[in-house]
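[1] mind looking at a prediction? Sequence and model below.
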Amino acid sequence: MRHILEVKNVTKKYGDFTAVDNVNFTVDDGGFFSILGGSGCGKTTLLRMISGFEQQTEGEIIIRGESMTGIPPELRPVNIVFQNLALFPMMNVEKNVAFGLQRQKLAKDKVHQRVADMLDRVGLQGFEKKNVTDLSGGQRQRVAIARSLVLKPSILLLDEPLGALDRKLREHMKVELKLLQKEIGTTFIYITHDQSEALVMSDNIAVMNKGKFEQIDTPRNLYKYPKTSFVAGFVGESNEFNIRHYTDNILTTENGWRLSKPTLDIQPKKLFIRPEAFILNPSEDLEDIERVDIKVKTILFDGSNTKISAIIKQSNDEVLISLPQNAQFENLQEGDEIEAGIHHDDLKCYP
Amino acid sequence: MKKINSTLYLLLLPVLAWLIISIVVPHLDLLFKSFRFENDDGLMVFSLNNYLAFFEDEIYWLTFVKTALYSIGITFLAFVVTFPVAFYLTKVVAKKYSSFMVLLLLIPIWIGELVTIYGWMILLSDSGVINQFLLSIGIIDSPIEMLYTNFSMTIGLLYMSMLFMIIPMMSALESLDDSLIEAASDLGASKWTIFRQIIIPYTIPGIASGSIIVFMLVIGDYVAPNILGGKSSLWFTEQIYNEFLSTFNWNEGAAFGFLLLLLSSGIVWLALKLTGQKLDRVGS
């Protein structure tokens, strides 16, 4: 597949501060690419460089094989959906969506046709004459996306557009955005600090930290095989331990929990264990498993996502453990003692 | 209906008393006077003669029209001159400097209109700063007559009213999110289009309220036309002044006063109608 966007050695400096540090990546045509990172990691700066509102200090941004250096935002084949959506409050829905087309000096009936088609696509038919200030959060969202997509950009950039919505609507829009992207086939580059948004929607995710990309991978690989301790800690939930030392294939945590972990070729500093990696009451014949006695501290009921907070008896380390979906441990009480097991592969160690 | 307690009424009382005693009553008195006319027998009777005199004497209504046109022109000039300033102060300059700069804008108000006008006289007179400078570098041979003209009057009126245009425009521009400008640019709009389609429509309520204030101030101003305009530039307020204090015809003066009130209100109403603005939106 052709690369629609290539970002080569892009660096952005503000005085002494390096916001984006030598970033390289490519995005495939028609893909849904997310950049995931905490606030201040440089993801918005990167997005603004792709859209042309900022100029990179070094490096090159190439869209459809053309270098974008020195090309202003209004001439780039990308459109952006802003964090606050930036709908024009003095215009109605139709005029908002038509704004970009009118700039291209298209004939009136053609503009009208394309706006109507676009509104139809995002499920806003009949809303043409409504004022944007009278719409709900989700509808405003769709107007903002329609306003950009109607221009048929090569890439649609989305800067945390779901951030302002309430939780329920956000969950809904996640699915809707992914379906919309699949349907129209435009390449989406999506900026977010919410890992669940990124995991649900994306084909590929770049995890960004302090101006650098830590890992670019599919959501599944990012979750299962995080390459760095930052990714392991940032993507999904994890129990994190500092390692005091590693000798004779035995890991010892800060608090003195000793686990066997065969043949590491690095000197580990950090250990991550996913809550779902714990197997409660593992059967005797399971192999390659680290067994440990735990005591239930509290039960964190959350429907299908119920977890327990438990104490490792050996070291007093506190861990979060997911309960299996079946009702097997429904009667677990606070203070209960139980054996847990973790497969050796699920002990993720990082230097 | 919400029940409003009696304390609120009590608090409103001073304001109401002030409004009634100092504004409503004198206006009613003037309105009454404007319809009174001394007939041939020397008796005061009700008549429309005071108003008719305005239409019969050319100089009156010519002054009237001139005052209206100049006021509109000066309001427009005030917008043109101050919009870039307001934009610069809200969108371009760093926040920490902008409040200091706004303070600088306020200085002419502290000094008072009369003093700033004398300042302009020093600048504009035949032997003033500007003429002396132009003479000394040899651009002109004899002083340009700037003082006591429509030009100097316009400058004076513009100068004293600019601030009242800037402040409402700044508050409108401050609420304009920068991302709207970026979004427009991202959608392919040129700088001119952004200005015309985004910034101006967004700022219209501020522009309208600034314009109303400036227009009212200018059309009702007496000091600047009188001192800077001199004899050649008649302003309608001067006619009113003359009726009251030169010819002591208070009845005629009162009629002129109400004509000015009608004129200025009428123009504001028309301007709001033409630009599709509503007074309640402008006021907010």
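    Happy to help now that I have it.
[2] contacts only, for the residue positioned nearest the centre of chain A.
    For chain A, the residue whose C-alpha lies nearest the mean C-alpha position (CA atoms, centre = their mean) is residue A:198; its distance is 2.7 Å. Neighbour list for residue A:198: A:34, A:36, A:190, A:192, A:205, A:219 [criterion: CB atoms under 8 Å, 6 or more residues apart in numbering or on different chains]. Placement of C-beta: from N, CA and C, glycine included.
[3] and it, what element?
    helix A:195-201 (DSSP states H and E).
[4] quick check: closest non-adjacent residue to the residue in the stretch 101-250 of chain A that chain B sits nearest to.
    Closest contact between the stretch 101-250 of chain A and chain B, by CB to the nearest CB, is at residue A:103 (4.0 Å). Closest residue to residue A:103 apart from its sequence neighbours, by CB to CB, 6 or more residues apart in numbering or on different chains: residue B:188 at 4.0 Å.
[5] what of residue B:263?
    Using CB to CB, 6+ apart, the closest residue to residue B:263 is residue B:68 (6.0 Å).
[6] the one you found: neighbour count?
    18 (other CB atoms under 10 Å in any protein chain shown).
[7] isn't it right up against residue B:266?
    No - using CB atoms under 8 Å, residue B:68 makes no contact with residue B:266, being 9.3 Å away.
[8] circling back: quick one, what contacts the residue nearest to residue B:263?
    B:219, B:263, B:267.
[9] so how far is residue B:153 from it?
    Note on residue B:68: its distance to residue B:153, by CB to CB, to the nearest Å, is 15 Å.
[10] same thing with residue A:122?
    Using CB to CB, residue A:122 is found at 58 Å from residue B:153.
[11] for chain B, what lies in contact range of chain A?
    Within chain B, the positions near chain A by CB under 8 Å from any CB of the partner chain are B:177, B:179-180, B:182-190, B:193, B:197-198, B:201-202, B:204.
[12] count of neighbours near residue B:46?
    Neighbour tally, residue B:46, other CB under 10 Å: 9.
[13] show the contacting residues for it.
    Counting by CB under 8 Å, 6+ apart, residue B:46 makes contact with B:35-37.
[14] go with 7 Å
    B:35-36 (CB atoms under 7 Å, 6 or more residues apart in numbering or on different chains).
[15] pairing partners for it in the sheet, please.
    residue B:36 (DSSP bridges).
[16] if I look at it, how far off is residue B:255?
    13 Å.
[17] and what of residue B:196?
    Where residue B:255 is concerned, residue B:196 sits at a distance of 44 Å (CB to CB).
[18] before we move on, what about residue A:163?
    Taking CB to CB as the measure, residue A:163 falls 63 Å from residue B:255.
[19] now swap in residue B:238 and tell me
    With CB to CB as the criterion, residue B:238 and residue B:255 are 16 Å apart.
[20] those two - which one has more neighbours?
    Comparing residue B:238 with residue B:255 by other CB under 10 Å, the one with more neighbours is residue B:255, at 27 against 18.
[21] give me the pLDDT value at that one.
    Per-residue confidence (pLDDT) for residue B:255: 92.
[22] and residue A:227, helix, strand or coil?
    Using DSSP: H, G, I helix; E, B strand; the rest coil, the secondary structure recorded for residue A:227 is coil.
[23] what of the one 4 residues further on?
    Taken by three-state DSSP, the conformation at residue A:231 corresponds to helix.
[24] mind listing what it touches?
    Neighbouring residues of residue A:231 by CB under 7 Å, 6+ apart: A:207, A:214-215, A:222.
[25] quick check on residue A:190: phi, psi?
    phi -120, psi 120 (degrees, to the nearest 10).
[26] mind listing what the residue sitting furthest away from the middle of chain B touches?
    Most distant residue from the mean C-alpha position of chain B: residue B:41, 42.0 Å away (CA atoms, centre = their mean). By CB under 7 Å, 6+ apart, residue B:41 lies in contact with nothing.
[27] show me the contact partners of the strand or helix carrying residue A:139.
    Secondary-structure assignment from DSSP H and E places residue A:139 in helix A:137-149. Contacts of helix A:137-149 from elsewhere in the structure, counted by CB under 7 Å, 6+ apart, are A:79-81, A:85, A:87, A:93, A:96-97, A:99-100, A:118-119, A:122-124, A:132, A:135, A:156, A:161, A:164-165, A:169, A:173, A:184, A:186, B:187.
[28] rerun that using 8 Å as the cut-off
    With contact meaning CB under 8 Å, 6+ apart, helix A:137-149 is reached by A:79-82, A:85-87, A:93, A:96-97, A:99-100, A:118-119, A:121-124, A:127, A:132, A:135, A:156, A:158, A:161-162, A:164-166, A:169, A:172-173, A:177, A:180, A:184, A:186, B:186-187.
[29] after it comes which helix or strand?
    For helix A:137-149, the succeeding helix or strand toward the C-terminus, using DSSP H and E, is strand A:155-159.
[30] what lies in contact with that following strand?
    Outside strand A:155-159, the residues touching it (CB under 8 Å, 6+ apart) are A:4-5, A:27, A:44, A:47, A:50-51, A:63, A:77-83, A:145, A:148-149, A:177, A:186-191.
[31] could you give the angle of it to helix A:137-149?
    The directions of strand A:155-159 and helix A:137-149 differ by 150 degrees, with axes from the mean of the first three to the mean of the last three CA atoms, to 10 degrees as the criterion.
[32] need the contact list for residue 30.
    Reading this off chain A. A:1, A:4, A:185-187.
[33] ah, no, chain B please
    Counting by CB under 8 Å, 6+ apart, residue B:30 has contacts B:254, B:257-258.
[34] where's the residue farthest from the centre of chain B relative to chain A, distance?
    63 Å (CB to the nearest CB, to the nearest Å).
[35] any idea which element that residue lies in?
    Here residue B:41 is covered by no helix or strand, with elements defined by DSSP H and E.
[36] what's it sitting at in phi/psi?
    The phi/psi pair for residue B:41 (degrees, to the nearest 10) is phi -90, psi 0.
[37] and for residue B:11?
    Taking degrees, to the nearest 10, you get phi -70, psi -30 for the backbone angles of residue B:11.
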